[in-house]
Every structure is written in structure tokens, then in C-alpha cells.
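A.B. asks: Below: sequence and its predicted model.
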Amino acid sequence: MAQRVFSGMRPTGKLHLGHLAGALTNWVKLQENYKCFYSIVDWHALMSEYADSSMIAENCKEVLLDWLASGLDPEKCVIFVQSHIPQHAELHLALSMVTPLGWLQRCPTYKEQILNIQNKDLSNYAFLGYPVLMAADILLYKAEIVPVGEDQSAHLEITREMARRFNSFFGNILPEPQIMLTPTPKVPGTDGRKMSKSYGNAINIADTPSEMWNKIRPMITDPARERRTDPGDPEKCPVWDIHKVFNNNEDEKNEIASGCRSAGIGCVDCKKKLQAHVERVMGPIQERRTFYEKSPDLLSDILREGAEKAGEVARRTIDEVINAIGFFKRG
Ligand code: TRP
């Protein structure tokens with residue numbers, strides 16, 4: 001039997017090239033060899049967006065389109081929306097009973113977000129419990145492997161501890177998942193910082209070629225290369241970082257790097273070459289995106305079938321959990 005994989009993304013908006021080069025490319029590979037469950041975790045989004053939940057549904061659709069466009073195949077993996085499976089909430093409640101507050105209060109992501117996010121009131125009960133819901137997501141499917149970025153490793157550690165603690169009270173029911181750290185190639189945004197929706201520097205999967213060019217053309221390059229005649233250093237240039245991810249032509253890359261160092265090639269020409277590679281990679285992805293955008297019925301079918309498959313597994317786990325707890329039977 002293939003091992004089970006679970007991962008999720010919060011529906012916070014359109015996905016970008018950083019998501020594609022990191023998580024999604026890896027997820028697409030995993031669906032070939034594992035039993036993969038990929039969830040759009042809308043309850044997690046609500047934890048920070050509760051004051052204005054109006055965008056969550058629309059964002060779920062955008063994430064679904066970006067996933068399908070990137071190559072997640074509903075014939076090969078289970079794609080579903082977290083809130084369609086009520087058992088996430090139920091297991092979250094069960095796990096919350098055995099979760100020591102200190103685990104959550106000490107969680108580095110919690111401490112950091114409370115300090116750094118000032119425009120939202122995050123002093124709510126559920127936000128503290130973010131890792132409990134995430135553990136419920138994973139343990140509900142008894143996932144053995146969880147592909148995530150380094151930023152999620154503390155949550156995975158709490159998930160493992162939670163499984164052990166639950167099992168110590170109720171018997172061996174929930175297997176401890178392993179983290180699979182996703183290799184994340186460096187994808188800087190147009191301003192040279194990490195590509196992120198919140199920095200406004202992202203190139204989206206859904207951007208048209210001309211929208212992409214409008215972002216790539218003014219991109220920051222090696223700041224020391226002020227004039228066309230100045231030699232540059234590719235290792236200080238965010239455009240070069242993106243070449244490394246999207247340009248598959250080694251000879252051309254060597255030419256660009258040495259041309260940059262000798263001032264033999266200008267930044268605009270280098271960016272034009274990058275644009276060509278981005279268009280080559282994104283062509284089939286955008287074609288699929290357009291296809292699914294025009295097929296709303298197909299999207300509903302995919303989510304309904306995903307929820308059926310996920311629900312079957314989820315109900316089985318919850319039955320085991322309720323039995324192990326030993327609640328009074330309905331008869
Ligand atoms: N916390 C993850 C993130 O912000 C999203 C997530 C929720 C998740 N539940 C999950 C990831 C379960 C992996 C497994 O990226």
C-alpha cells in the first residue's frame with residue numbers, strides 16, 4: 001500500500017511562482033507514488049480573517065484553479081476543502097483535550113505572529129490553537145508523510161507530540177507523521193525580497209505573459225550595476241535567482257552569467273531571456289488554468305468527489321477515536 005501524504009494551503013489568494021517552484025512542483029511529483037490528500041484549509045484562513053470572511057470562498061476557488069493548473073490531477077490525488085469534512089473540527093476538539101497550553105504558547109510561529117501582526121486582533125482562542133487544527137488535519141488521514149516548508153516544522157513537531165500524547169491516553173490509534181522538508185529554491189519577488197503576496201512583489205501563476213513582463217521588466221537587479229557598461233554580479237541579482245529556477249538551458253545560463261560579469265549583456269536582454277523561459281514553463285500551466293476556469297461544473301465535481309474520498313477516511317478515523325474514548329453509544 002502506498003504511504004499516505006497530507007498537505008494543505010490556506011486560501012489567502014492567488015498563488016505565485018514561489019508556491020509553484022516550492023510546494024506545488026513537489027506535490028505534483030508525490031501524487032505519482034503516494035496516496036496524497038491535498039486540502040484547501042479554509043478553517044485555518046478563518047482564524048486570521050474572521051473579521052472579514054468575504055474573500056475566503058473566492059480564494060478557495062483561486063487556489064483550486066492554481067493547483068489544477070500546476071498539475072495536481074484529481075485522478076491521482078484527493079483534492080478537497082477542509083470545511084467540507086466536518087471531522088476536522090471533531091478531531092480538533094478531541095485533540096484540544098489533551099493539548100497542554102504550554103505547547104501552544106511556546107510555539108515559535110505563534111509568538112512571532114502575535115508580535116508582528118498588528119492590523120488584526122489575533123488574541124483569540126482558535127489562533128492559539130492553530131497547531132491543534134493542523135494536527136487534526138494530518139492525523140485524521142493517518143498521514144505518514146507531510147511535505148511542508150521549514151516554516152512549518154514546529155507545527156509538525158507539535159503534531160507528533162500530540163499523536164503520542166493522544167495514544168498514551170487512548171491506545172495506539174494515531175500514527176506519528178514524518179515531516180518531508182520541501183526543498184525550496186530561492187524565488188525572490190520583483191523587489192528582491194522573498195516572493196510574497198503580502199509584500200506586493202509576487203508574480204502570480206494566473207498572470208498573463210504581458211502581466212508577467214510588466215513585473216519582470218522593472219525588476220531590481222544587482223544594485224551595484226548602475227549603468228549598462230558596469231559589470232554585474234549575478235549572485236547579487238534576483239533576476240538571476242529566477243533564471244536558476246526557470247531557465248533549463250545551461251549554455252544560455254553560462255553565457256548570461258559571464259555576460260553579466262563582463263558587461264557583455266544588459267539587464268533588459270537578460271530579463272527578456274528570463275521572460276521567454278517563464279512563458280515556456282507557464283504556457284501549459286496557464287492553458288490548464290483557462291480550461292478549468294471555463295468549467296465550473298467540473299470544479300464542483302472535483303471537490304465533491306474529493307470530499308467523498310476524504311470523508312470516507314475521516315469518518316473511519318473518527319469512529320476509532322470515539323470508540324477509544326469510550327463515549328456512550330447511540331445504539
Ligand atoms: N499551516 C500550513 C501553512 O500555513 C497550512 C496547513 C494547514 C497545513 N494544515 C496543514 C500544511 C496540514 C500541512 C499539513 O502553510
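C.D. replies: The structure has been received and is ready for your questions.
A.B. asks: near the ligand, which residues of the stretch 101-250 of the chain show up?
C.D. replies: Residues of the stretch 101-250 of the chain lying close to the ligand (Cβ under 6 Å from any ligand atom) are 134, 137-138, 146, 148, 152, 155. C-beta coordinates here come from the backbone N, C-alpha and C atoms, glycine included.
A.B. asks: Run through the helices of the stretch 51-200 of the chain in chain order.
C.D. replies: For the stretch 51-200 of the chain, helices defined by DSSP state H, counting those that start in this stretch occupy the ranges 56-70, 87-97, 101-105, 108-116, 125-128, 130-140, 153-170.
A.B. asks: Out of those, which one sits most buried?
C.D. replies: Greatest average neighbour count among the helices of the stretch 51-200 of the chain goes to helix 130-140 (a mean of 26), per mean count of other Cβ atoms under 10 Å.
A.B. asks: got the contact list for the residue of the stretch 151-300 of the chain found nearest the ligand?
C.D. replies: Residue of the stretch 151-300 of the chain nearest the ligand, by Cβ to the nearest ligand atom: Q152 (5.5 Å). Q152 makes contact with 134, 179, according to Cβ atoms under 8 Å, 6 or more residues apart in numbering.
A.B. asks: Could you measure from it over to K271?
C.D. replies: Distance from Q152 to K271, counting by Cβ to Cβ, to the nearest Å: 33 Å.
A.B. asks: and A21, which of the three is it?
C.D. replies: What DSSP: H, G, I helix; E, B strand; the rest coil gives for A21 is helix.
A.B. asks: from what I can see it touches V278, true?
C.D. replies: No. If you go by Cβ atoms under 8 Å, A21 and V278 don't touch, sitting 11.0 Å apart.
A.B. asks: hey, what's in contact with both of these two?
C.D. replies: With Cβ under 8 Å, 6+ apart as the test, A21 and V278 both reach F246.
A.B. asks: Select the longest helix from this protein.
C.D. replies: helix 296-325 (DSSP state H).
A.B. asks: For A307, which non-adjacent residue is closest in space?
C.D. replies: Take A307 and drop its neighbours on the chain: the residue closest to it by Cβ to Cβ, 6 or more residues apart in numbering is H84, 4.2 Å away.
A.B. asks: which residues does the closest residue to Y34 other than its chain neighbours bridge with?
C.D. replies: In space, and not counting its chain neighbours, Y34 is closest to V5: 4.4 Å by Cβ to Cβ, 6+ apart. V5 has these beta-bridge partners by DSSP bridges: C36, I145.
A.B. asks: so what's V5 up against?
C.D. replies: Neighbour list for V5: 30, 34-37, 143-147, 180 [criterion: Cβ under 8 Å, 6+ apart].
A.B. asks: Many thanks, I have nothing further to ask.
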